[in-house]
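Peer 1: got a predicted structure plus its sequence, pasted below:
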Amino acid sequence: EVQLVESGGGLVQAGGSLRLSCAASGFTFDDYAIGWFRQAPGKEREGVSCISSSDGSTYYADSVKGRFTISSDNAKNTVYLQMNSLKPEDTAVYYCAADLGCSWPWDDYWGQGTQVTVSS
């Protein structure tokens, strides 16, 4: 059974940091790219960042470049999203997703999501 389990969300003040984790199981991790997308109420899904497990190449949305860093621990089948300098507009449910590459959308598999709330 494919599982993507997110953790690490929470409430933080603007300017603060959070680290999200995505633990993957049930598929060959090295064959997939893992991405983070977010959805805020009333807004469309936005692909935030993605990393290819095979070669480590990464993608960042312009809205998070320079603030967010994605990394992968292939030994643990886990992908992390370090989020620094958070802004209120980063508030959303964050989902991790697996797909065969980092071309949006990433929708082969996805998790239940974790809430990130940034207060001003």
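Peer 2: Received the coordinates, thanks. All figures in this text were calculated on a predicted structure; none of them were measured in a lab. Numbers count the residues shown, from 1 in each chain.
Peer 1: which residue ranges form the strands in this structure?
Peer 2: 3-7, 10-13, 18-25, 33-39, 46-52, 58-60, 68-73, 78-83, 92-99, 109-110, 114-119 (DSSP state E).
Peer 1: number of nearby residues for G101?
Peer 2: Each residue near G101 was counted by other C-beta atoms under 10 Å, and the total is 14. The way it works is simple: take the backbone N, C-alpha and C, and place the C-beta from them, glycine included.
Peer 1: ok so, going back, now the strands of the chain as a markdown table including mean neighbour count and mean pLDDT?
Peer 2: Supplementary listing: these in a markdown table, determined by neighbours: other C-beta atoms under 10 Å; pLDDT from 0 to 100:
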| stretch | mean neighbour count | mean pLDDT |
| --- | --- | --- |
| strand 3-7 | 17 | 96 |
| strand 10-13 | 13 | 98 |
| strand 18-25 | 19 | 97 |
| strand 33-39 | 24 | 96 |
| strand 46-52 | 21 | 96 |
| strand 58-60 | 18 | 97 |
| strand 68-73 | 18 | 96 |
| strand 78-83 | 22 | 97 |
| strand 92-99 | 23 | 97 |
| strand 109-110 | 18 | 94 |
| strand 114-119 | 17 | 98 |
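Peer 1: could you measure from K43 over to F37?
Peer 2: Noted for K43: a distance of 11 Å to F37, by C-beta to C-beta, to the nearest Å.
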